[in-house]
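> Model the structure of this input:
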Amino acid sequence: MSTLLIHQLYAAFAPWLILSFLLLGRNPHLSQTRIIVSPLLALGLLLIPIAGWNGFAWSRDIEMNPSFTLTALLSIGLCKRIGGLSLLRSCDWKTACTFGSIAAIVLYPLGLGLTPFDSYPWGWEPLLPVITALIASALLLQGNRFGIILLLPLGGFFLHLQESHNFWDALVDPIYTGFALIAMIFMTTRAGIARFTSRQTPQSALPQS
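Predicted structure coming up:
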């Protein structure tokens, strides 16, 4: 199998996972037919040519290097959606959101030239994979399963399954970090509302004179 074909197959996997999620819908009770048809329909829709390109090609034009972290999280999410298999706990998902949010803050403002420093070249140096391995090890020692997910970019990067040779692209991408930031804002807002409500409830529960 050629290297180009490997890169194309890998890049096509994340769009297929995302579209399969959308076609499955939000109904918690999925029929066997829907479970089988939705992924097949997603594949068929992505193969339809639009303006000379199929959906996979358009997806590569938008994001040609989906991160291994995103692909792993989507795969785990689809397994849970279809078969109810919970490989990650809520604390693991929260860690995934926290990591993605921090990575977004470190990478994109610096990489887009909004500061005097550019963090994107760090991905061509060995230090970033080493830091990632240390973070993954620390998480695994704490029993956090997201540490396993962080090992996948290391393996995929050194196996050259991705077209990019920058480790940042193996680790994170705009889709993953964007959803992580949204999730963190949502969780932080909900926690703040819960704390505010808990402080107000005792006062409102006092008997009125």
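
> Tell me which helix or strand the spatially most central residue of the chain sits in.
For the chain, residue 70 is the residue whose C-alpha lies nearest the centre (Cα atoms, centre = their mean; 3.1 Å). Counting by DSSP states H and E, the element that carries residue 70 is helix 68-83.

> List the contacts of that helix.
Helix 68-83 has contacts (Cβ atoms under 8 Å, 6 or more residues apart in numbering) with 10, 13-14, 17-18, 20-21, 24, 30, 35, 85-88, 96, 100, 149-150, 152-153, 155-157, 161-162, 170-173, 175-176. For the C-beta atoms, the positions are set from N, CA and C on the backbone; glycine is no exception.

> Would you state the helices of the chain in chain order?
3-24, 32-47, 55-62, 68-83, 90-111, 127-141, 146-158, 167-171, 174-204 (DSSP state H).

> Show me what the fifth one is packed against.
Spelled out, it's helix 90-111. helix 68-83, helix 146-158, helix 167-171, helix 174-204 (3 or more Cβ pairs under 8 Å, 6 or more residues apart in numbering; DSSP states H and E).

> contacts for that helix?
69, 73, 88, 115, 117-120, 135, 139, 144-146, 149-150, 168, 171-172, 174, 176-181, 183-184, 187.

> buried set for that helix?
Using 16 or more other Cβ atoms under 10 Å as the test for burial, helix 90-111 gives 92-97, 99-101, 103-104, 107-108, 110-111.

> same question, stretch 27-47
The neighbour-count check on stretch 27-47 (16+ other Cβ under 10 Å) flags 34, 38, 39, 42, 46 as buried.

> Could you measure from the second one over to residue 78?
Right, the one you point to is residue 38. Using Cβ to Cβ, to the nearest Å, residue 38 is found at 10 Å from residue 78.

> next one: the third one
According to Cβ to Cβ, residue 39 stands 8 Å off from residue 78.

> Outline the domain layout of this structure.
Domain segmentation of the chain under automatic domain parsing yields 1-64, 67-198.

> if you compare these, which one is most tucked away?
domain 67-198 (a mean of 16; mean count of other Cβ atoms under 10 Å).

> Could you work out the end-to-end span of that domain for me?
One end of domain 67-198 to the other measures 40 Å (Cα to Cα, to the nearest Å).

> where does the protein have low pLDDT?
The chain contains residues with pLDDT under 70 at 1, 110-115, 201-209.

> What residues does residue 140 make contact with?
Residue 140 neighbours (Cβ under 8 Å, 6+ apart): 147, 148.

> roughly how far apart are it and residue 87?
14 Å.

> Same question for residue 161.
21 Å.

> before we move on, what about residue 78?
11 Å.
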